[in-house]
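Student: A structural model of the following input is requested.
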Amino acid sequence: MSAGPTGPDESAALHGVEAVVLVGGLGTRLRPLTLSAPKPMLPTAGVPFLTHLLSRIRAAGITHVVLGTSYRSEVFAEHFGDGSALGLELEYVVEQEPLDTAGAIRNVAGRLREQDIVVCNGDILSGVDLPGLVRTHRDHSADATLHLVKVDDPRRFGCVPTDSDGRVTAFLEKTDDPPVDQINAGCYVFRRPVIEAIPADRPVSVERETFPGLLDSGARLQGHVDAAYWLDLGTPAAFVRGSADLVRGVVPSEALPAGGSEALVLDGAHVAQGAAVTAGSTVGPGCAVEQGAEVTGSVLFAHAHVEAGAVVERSVIGAGARVGAGAVVRGGVIGDGAVVGGGCELLDGARVWPGVELPAGGVRFSHDC
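Tutor: Numbers count the residues shown, from 1 in each chain. Take a look at the predicted model:
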């Protein structure tokens, strides 16, 4: 479901706000997909994932965005240019050495103009109400405001307790007995002087150094807690789930038509009669899905080929890759140009690296190939 255009109150709330999007990570947990493109540029529901985030930022009324880049930095500028196609003014700052989250934020400080800065991690799929986040920040005259989400199992994350007024009281590392179920969701609003006070030219952790230091100094850190959709796309399983949720309309994106659908079949793709493409799957341009094949909750990059009777479930099939007749891929990642021979079975967690050809004949794989 699309968030829709902003109303008058939202536009007023976002006057004097700009955004920073951090897209410098290596995406190692998503390899081999990220060998050919940075994680935020992977095709997600038909477009690079970053397009969904930038479109939501623009829909919220923010027009100036600075991208903090590092790995394959040139790819972002080549695709998005000056941002005008999205109604944005985009600037790029390249991180020469890893600076961690706060260090990367400090690295773009010279391009900032406004007093309130929305900062987003470029690998988080979220339905957060950005105007609402900014209003929380301003209503409490906060130095920094954190989007916090409630999760079923906070033990896997650091948790962030708040008092009755929503003020952050601590940052707690992973624990078997977390006192609250709310965690840092990777989206913030900073006053610009707070960013400028972060040490420059060295790695700085926002959770281990910046936020605890602000608390110790008596600064106001505010929590904005909601039940919005939230997903870290850092693993293949999360990536395919996020793409499917975008296609089905579970999470809003201004880059897609409202309402959602069972499948997104892009221009130049061919799905044969008798093939089934369901559960939010994306079939990229130039792809072919042959008769009797089943593609469920999966992503097929450009020119991938799924042969007759093959089953692809919760998986990513890389550009130009081929899944042979009768093969089964469940929870797998097939790298660009790889071939899964007919009759093979790849189970959850299996990854086939680019260009590798697995022989036909019913071989079962459950590891990297």
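Student: Hmm, residue 248 and residue 262 touching each other?
Tutor: Yes - in terms of CB atoms under 8 Å, residue 262 counts as a neighbour of residue 248; the distance is 7.2 Å. (Glycine included, C-beta is placed from N, CA and C.)
Student: More neighbours: which of those two?
Tutor: Shown here are residue 262 and residue 248; by other CB atoms under 10 Å, residue 248 has more neighbours (20 against 14).
Student: for stretch 59-76, what is the average pLDDT?
Tutor: Stretch 59-76 shows a mean pLDDT of 89.
Student: still on that earlier bit, hey, what's in contact with both of residue 262 and residue 248?
Tutor: 279-280 (CB atoms under 8 Å, 6 or more residues apart in numbering).
Student: Give me the neighbour count for residue 199.
Tutor: 13.
Student: Within the helices and strands, which one has the closest residue to it other than its chain neighbours?
Tutor: The shortest distance from residue 199 to any non-neighbouring residue, by CB to CB, 6 or more residues apart in numbering, is to residue 106 (7.1 Å). Assigning secondary structure by DSSP states H and E places residue 106 in helix 100-107.
Student: which stretches of the stretch 1-150 of the chain form helices?
Tutor: 8-13, 49-59, 73-80, 100-107, 130-139 (DSSP state H, counting those that start in this stretch).
Student: Take those and write them to TSV, including mean neighbour count.
Tutor: Shown next, in TSV, are the helices of the stretch 1-150 of the chain (neighbours: other CB atoms under 10 Å):
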stretch	mean neighbour count
helix 8-13	14
helix 49-59	24
helix 73-80	16
helix 100-107	24
helix 130-139	21
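Student: can you tell me which of these comes nearest to residue 149?
Tutor: helix 130-139 (11.8 Å; CB to CB).
Student: can you give me the end-to-end distance of stretch 29-45?
Tutor: 20 Å (CA to CA, to the nearest Å).
Student: for stretch 314-325, same thing?
Tutor: 18 Å.
Student: Could you check how far that stretch is from the centre of its chain?
Tutor: Relative to its chain's centre, stretch 314-325 lies at 22 Å (CA atoms, centre = their mean, to the nearest Å).
Student: Pull out the buried residues from that stretch.
Tutor: For stretch 314-325, burial by neighbour count (16 or more other CB atoms under 10 Å) applies to 314-325.
Student: Over to stretch 151-170?
Tutor: 151, 154, 157-162, 166, 168.
Student: Could you do stretch 241-251 as well?
Tutor: Of all the residues in stretch 241-251, those buried under the rule 16+ other CB under 10 Å are 241-251.
Student: For the residues you listed, give me a markdown table that also has pLDDT and distance to residue 115.
Tutor: Converted to a markdown table, the buried residues of stretch 241-251 look like this (pLDDT from 0 to 100; distance: CB to CB, whole Å):
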| residue | pLDDT | distance to residue 115 |
| --- | --- | --- |
| 241 | 95 | 37 |
| 242 | 95 | 33 |
| 243 | 94 | 36 |
| 244 | 95 | 39 |
| 245 | 95 | 34 |
| 246 | 94 | 33 |
| 247 | 94 | 38 |
| 248 | 94 | 38 |
| 249 | 90 | 35 |
| 250 | 92 | 35 |
| 251 | 88 | 30 |
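Student: What about the residues you listed, which are in helices?
Tutor: Taking DSSP state H, the ones among these that sit in helices are 241-248.
Student: List just the nearest of these to residue 335.
Tutor: residue 243 (17.2 Å).
Student: Return the residues in contact with that closest one.
Tutor: Residues in contact with residue 243 (CB under 8 Å, 6+ apart) are 44-45, 280, 282, 299.
Student: From the centroid of the protein, which residue is nearest?
Tutor: residue 123 (3.0 Å; CA atoms, centre = their mean).
Student: Please verify my assumption that it contacts residue 42.
Tutor: No - contact criterion CB under 8 Å: residue 123 and residue 42 do not qualify, at 9.7 Å.
Student: Mutual contacts of the two, please.
Tutor: Common neighbours of residue 123 and residue 42 (CB under 8 Å, 6+ apart) are residue 49.
Student: where's residue 339 relative to residue 350, distance?
Tutor: Applying CB to CB, to the nearest Å, the value for residue 339 to residue 350 is 14 Å.
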